[in-house]
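**Student:** Starting from these lines, generate the structure:
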Amino acid sequence: MEVVALVVALANLIPLDDGVDELDSYMDQGLKYNVTAGDEVEDMFALLSEVKRQIPSITAVLSGAIASDYQRLRVESVCSRLDLVSLAYLWKQDQTLLLEEMIRRGIVAITVKVAALGLKPSSHLGKELAELKCHLLQINESYGINVCGEGGEYETLTLDCPLFCNARIILDDYEVILHSADSIASVGILHPRAFHLEHKPDSSDRIGDDSVTEDISSCVYEVDEVITRTDMEEKHTLNPAVDAYTNIGLCISKTGKNLHSIGCWIQDRSRDSEGLKAHLIAVLSGIDNQLKEEGLDWVNVLYVHLYISNMKEFGLANEVYVSFITEKKCYLGVPSRSTIELPLVQVGLGKAYVEVLVSNELKKRVLHVQSISCWAPSCIGPYSQATLYGEILYMAGQLGLDPPTMKLCPGGATAELEVALQNSEAVANAFSCSIYSSAIHFLVYCSAQLTSDEKDEVQQTLQSSYISHLDCSKTGSYPTVLYVFAPDLPKGARVEIKPILYVPTNDDGVATREMETGMMQPAPSQAWSAQYSDLHDSCCQIHTIGGRICSAVVSVTSDIASKICSTAGQLYHTEDNLKAMSRFCAFQIVKILGDNNFSWDSITMLRFYYSVEHSVAADAMSRAFSEAFTELAEDNSSLRTDESPCYNIVPPIHWA
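**Tutor:** Next up, the predicted model:
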């Protein structure tokens, strides 16, 4: 991996010479930064605004955040407001290795402040990092300090490094100022009194050359004016002109109660001539209205499935998306997201289709890293890497992107899958879990461009690189896996994976499910049981955890279809056969719920995939499932059969 960045400006904020109490009042201490007049972040905003004015070609800002969300989020906030990219290539790197690397690369830095248990002003101020390395590692082991000092344990002054081409700094005189004589962790500051530059033998420029000094001084500016921008989101906001699209016919689906999904798609075939923008505005407006009817808003949304009819219009779709879903609305964190292209128009679902996972409770933890780093792919915009709700981690769709370059890795689909798994693991680790011990379900999107051999290689790679390494000691079963083949994926990727993980909150790792009182468990009719039970094991993947969580995939293969349909030929084209397969799926779902003591309202997301290769319109498929559930409900009053569908119909090229 090689990353090349051309540094065209060096910006420096002069530190305050105030007492600790005054400094604290000058800073917004919250983890999520809100624009605050007088805050030190606004000084950085003013400084970078001037840099950008002086040098319009600047596109990114580089910072040294390693593990500090406090620092990273503030740099990202300023970059977002100035249309700059945040680069944080040290983010999530091992601090011990970073310290060793800095020393090995010839960075000569001395401590100019110490403020941690194990560091004494009298002994450790003015020491080079190379001298302190062993001591820093020792007190890290004893007290858990950050060996790179990112927790404020120490501050440094760089006297020499490979970037100093002509000279190094020699510190001639300094004084030690004891800021706090604390008996546990004294705070001391080194104040330089005199220094000079020492010429490097191989340098091309002469120290003290008047022309060089003049050229340098002419490029130095001071910025005093503080500019505060509070319209940080509005400048990106598209006016959706919602009223112009309110007459587009929509269909809304809804599942569950507290944690549930809402789906919205176009049901008016006469509007197919309209563009993606019109359809996506209508669909997002439909979900927006549904949320408001339930007394909710976009802040309640945990996850978004965005389906569009043409990936070439991804930029336009994103422009509409960010006009509805903003950081301002989602003040607890923006939802995670996956985006794929589907043949929506072919089956009568318009050009945009959105499905969201919603919680009635304002309780979630969101990981949203917008900085480009070596850790995992950045999410620049209002969609996050992962959202944790309760004990379930919903991860954004992961591509085989090389994090520091944000480019697809070479090597084809299998290489992309392996990198996507690595990226997923990096995100999981941020929540103190692993895809190898915590996965509930894996949705694997594959490009329809893959050949048959490539499809087999993807499945074999997932088996060898992932499934064979799983730790199933606590659950006793493998997570469910579903392959969905779509016309196109973002960035022209061949593979995208969307993991769902279980993150336990108690010590033994297995949660005890609180059973819903007064809720009847669904049970399939006896007639259907006699007809379909013997096929249950051959068509169902089921993964349960502690009686609390259940992920299930029911697959109707051609072999199973031939057993449950009345006629072997034209399996998907006759009304009777379509109804038979819908009844079979409905039966299996109800059986799974009943066998695991779940109620109908326990369902958070119910999705039916069907291949467009069979030329069945989405409304016909939806009608068949509605009739199947209605028929089941005649023998089972616990099933919900109100007007809105309780499922989403998703039409990929095919699935496996």
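**Student:** drop to CA atoms for contacts and neighbour counts, all remaining ones
**Tutor:** OK.
**Student:** Give the closest residue to Pro192 in space, chain neighbours not counted.
**Tutor:** Distances taken as C-alpha to C-alpha, 6 or more residues apart in numbering put Tyr174 closest to Pro192, at 4.2 Å, once the chain neighbours are dropped.
**Student:** ok, the one you found - how many residues close by?
**Tutor:** 14 (other C-alpha atoms under 10 Å).
**Student:** Please identify the helix or strand for it.
**Tutor:** Element membership of Tyr174, judged by DSSP states H and E, is strand 167-180.
**Student:** partners of the helix or strand following that strand in the sheet?
**Tutor:** For strand 167-180, the following helix or strand on the C-terminal side (DSSP H and E) is strand 187-199. Looking at strand 187-199 with DSSP bridges, its partner strands are strand 108-114 (antiparallel), strand 167-180 (antiparallel).
**Student:** ok, and what's touching the first one?
**Tutor:** It refers to strand 108-114. The set of residues external to strand 108-114 that reach it, using C-alpha atoms under 8 Å, 6 or more residues apart in numbering, is 120-121, 124-130, 153-161, 186-191.
**Student:** counting contacts, what elements does the one helix or strand Ser323 maps to pack onto?
**Tutor:** Assigned by DSSP H and E, Ser323 falls within helix 314-324. Applying 3 or more C-alpha pairs under 8 Å, 6 or more residues apart in numbering; DSSP states H and E, we find helix 314-324 packed against helix 276-293.
**Student:** Tell me which helix or strand comes right after the helix it packs on.
**Tutor:** Helix 276-293 is succeeded, C-terminally, by strand 301-308 (DSSP H and E).
**Student:** That following strand versus helix 276-293: what angle between them?
**Tutor:** Interaxial angle of strand 301-308 relative to helix 276-293 (axes from the mean of the first three to the mean of the last three C-alpha atoms, to 10 degrees): 160 degrees.
**Student:** Now strand 301-308: average pLDDT?
**Tutor:** Average pLDDT, strand 301-308: 97.
**Student:** where do the helices sit along the stretch 1-150 of the chain?
**Tutor:** Along the stretch 1-150 of the chain, the segments classed as helices by DSSP state H, counting those that start in this stretch run 20-25, 40-54, 69-81, 95-104, 121-124, 129-143.
**Student:** Please tell me I have it right and Val347 contacts Val616.
**Tutor:** Yes. Between Val347 and Val616 there is a contact under C-alpha atoms under 8 Å: 6.8 Å.
**Student:** so how far is Leu393 from Arg364?
**Tutor:** No Arg there; residue 364 is Lys. Distance, Lys364 to Leu393, by C-alpha to C-alpha, to the nearest Å: 10 Å.
**Student:** Residues that sit against both of those two, list them.
**Tutor:** By C-alpha under 8 Å, 6+ apart, the residues touching both Lys364 and Leu393 are Thr387.
**Student:** Including mean pLDDT, could the helices of the stretch 1-150 of the chain go into a markdown table?
**Tutor:** As requested, the helices of the stretch 1-150 of the chain are exported to a markdown table (pLDDT from 0 to 100):
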| stretch | mean pLDDT |
| --- | --- |
| helix 20-25 | 43 |
| helix 40-54 | 90 |
| helix 69-81 | 90 |
| helix 95-104 | 95 |
| helix 121-124 | 93 |
| helix 129-143 | 95 |
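**Student:** got these as a markdown table, with mean neighbour count and distance to Leu388 columns?
**Tutor:** Shown next, in a markdown table, are the helices of the stretch 1-150 of the chain (neighbours: other C-alpha atoms under 10 Å; distance: least, C-alpha to C-alpha, whole Å):
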| stretch | mean neighbour count | distance to Leu388 |
| --- | --- | --- |
| helix 20-25 | 11 | 31 |
| helix 40-54 | 19 | 28 |
| helix 69-81 | 20 | 17 |
| helix 95-104 | 15 | 26 |
| helix 121-124 | 17 | 42 |
| helix 129-143 | 16 | 30 |
